[in-house]
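A.B. asks: My questions are about this predicted structure, shown below with the sequence.
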Amino acid sequence: MPMKCKTDCGKNAILKRPKTGDALCRQCFFWAFETEVHNTVTAAGLFKRGQYVAVAASGGKDSTVLAHVMKELNERYDYGLRLVLLSIDEGITGYRDDSLETVKRNRDQYGLPLTVLSYHDLYGWTMDDIVRQVGLRNNCTFCGVFRRQALDRGAALLGVDQIVTGHNADDIAETVIMNVLRGDIARLQRCTAICTGTEGSIPRSKPFKYTYEKEIVMYAYFKKLDYFSTECIYSPNAYRGHARAFLKDLEAIRATSIIDIIHSGESLAVRDAARLPAQGTCTRCGYISSQAVCKACVLLEGLNQGQPRLGIGKCSKVRERLQQARREVGPGDALKAGETLPPAAGVRRSGDADGGQTAGPWPPSETSRADRPHNTATGAARCCGGAGACIADGACARDIP
Ligand code: SF4
Ligand code: ZN
């Protein structure tokens, strides 16, 4: 005999909620799922009426469900938000190009405007190019750093008040475990925060902070949402994979493990000595950074110098070289207009016979910026001389406040 829905609505249950074990019918599951997200949003006071909010949209299940639920809750509870989809095209053939097609369909299905920024336009490199250069070992380091900055640049370009991302409870619990295993205690204090980036950068929120991944999949399935489910073709990310496998093993023994780990992360007290470094701005691109030169600029410099491994790891020789160069030219002026860092031994430059790639003059002089057409879609020269500071559609990162 079929099981009845736990809510006494009279309908037959069609699923058992992974989070609570409750047997629910389809409509009661939708209601429970959406109400919990609404409660998370209101308890944390995530939004203010009238805010312009970008939904980071990849076409995957999390961001597709997030866009759907944000639109639904915005209308049902009259949040008064203006929503927009913001996507980053990493330039991964056979993965991101297909998932962006899904985002474009979501744009039409949900009636939300969509902006897409690409790594190629922002940095002059696609992930396909980067993987050709660095291989499959450290590619996610480049991708993660560039995507974080790309989202912020896109958000600044759109003028949004905040970004919401589809990070779910499983993602956050994995990050807690990874930070504990790596001894990255300073990051532990912010990895469970529902809203980050308030000190100087555009705030980012995670409305799915307490939402289980399994329930997101169920919601997408029963709602028949249009999402892209293929894994990235460059997805080794072995460390997170181990944390994920560990979490799944724990969950099989104790269903509340995910929420328990998040609560543990929230409750951990961090000594003052382990506080995060103070935030400033990158002397190269103006992006928020705890170092004089941000990680994205360091990685980009390594790529452009033909020595991508230099930008990886904490003791980056590139960062040392950038800082040394800045010391030599004086504070507040990383390099004189038209200058670049001297190439390291064996480094390929754009004029080299083998066509190596280089950043070009940095920062560009006012004259050279004025002379050079912005942007890239057409392959035109960039205002930043190809160093990756341009943003699509006529804006330049250096012009963004
Ligand atoms: Fe980028 Fe790595 Fe994620 Fe692929 S798996 S999208 S390369 S971070
Ligand atoms: Zn920078």
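C.D. replies: Nice, thanks for sending it over. Ligands and ions are numbered 1, 2, ... in the order given.
A.B. asks: secondary structure element for the residue in the stretch 1-150 of the chain that ligand 2 sits nearest to?
C.D. replies: Here the residue of the stretch 1-150 of the chain nearest ligand 2 is Gln149; by C-beta to the ion that distance is 7.6 Å. All C-beta spots, glycine's among them, are computed from the backbone N, C-alpha and C. For Gln149, the host element (DSSP states H and E) is helix 139-158.
A.B. asks: And that helix, what's buried?
C.D. replies: 139-143, 145-158 (16 or more other C-beta atoms under 10 Å).
A.B. asks: contacting residues for Gly280?
C.D. replies: Gly280 sits next to Ile288, Ser289, Ser290, Ala292 when contact means C-beta atoms under 8 Å, 6 or more residues apart in numbering.
A.B. asks: Quick one: name the residues of the stretch 51-200 of the chain near ligand 1.
C.D. replies: Glu90, Met127, Asn139, Cys140, Cys143, Gly144 (C-beta under 6 Å from any ligand atom).
A.B. asks: Report pLDDT for the second one.
C.D. replies: By that I understand Met127. Looking at Met127, its pLDDT reads 96.
A.B. asks: Can you give me the distance of it to Ile92?
C.D. replies: 5 Å (C-beta to C-beta, to the nearest Å).
A.B. asks: picking up where we left off before, now the buried members of the contacts of Gly280.
C.D. replies: Ile288, Ser289, Ala292.
A.B. asks: okay if I get those as JSON lines plus pLDDT and distance to Asn39?
C.D. replies: Formatted as JSON lines, the buried ones among the contacts of Gly280 follow (pLDDT from 0 to 100; distance: C-beta to C-beta, whole Å):
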{"residue": "Ile288", "pLDDT": "82", "distance to Asn39": "31"}
{"residue": "Ser289", "pLDDT": "84", "distance to Asn39": "35"}
{"residue": "Ala292", "pLDDT": "88", "distance to Asn39": "42"}
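A.B. asks: got CSV for these, with distance to ligand 2 and secondary structure too?
C.D. replies: CSV is the format used below for the buried ones among the contacts of Gly280 (distance: C-beta to the ion, whole Å; DSSP: H, G, I helix; E, B strand; the rest coil):
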residue, distance to ligand 2, secondary structure
Ile288, 9, strand
Ser289, 6, strand
Ala292, 9, coil
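A.B. asks: Gly45: which of these is nearest?
C.D. replies: Ile288 (23.1 Å; C-beta to C-beta).
A.B. asks: Specify the local secondary structure of Leu225.
C.D. replies: Per DSSP: H, G, I helix; E, B strand; the rest coil, the local secondary structure of Leu225 is coil.
A.B. asks: Just the element for the residue nearest to it when sequence neighbours are not counted, please.
C.D. replies: The shortest distance from Leu225 to any non-neighbouring residue, by C-beta to C-beta, 6 or more residues apart in numbering, is to Thr64 (5.4 Å). If you go by DSSP H and E, Thr64 is part of helix 61-76.
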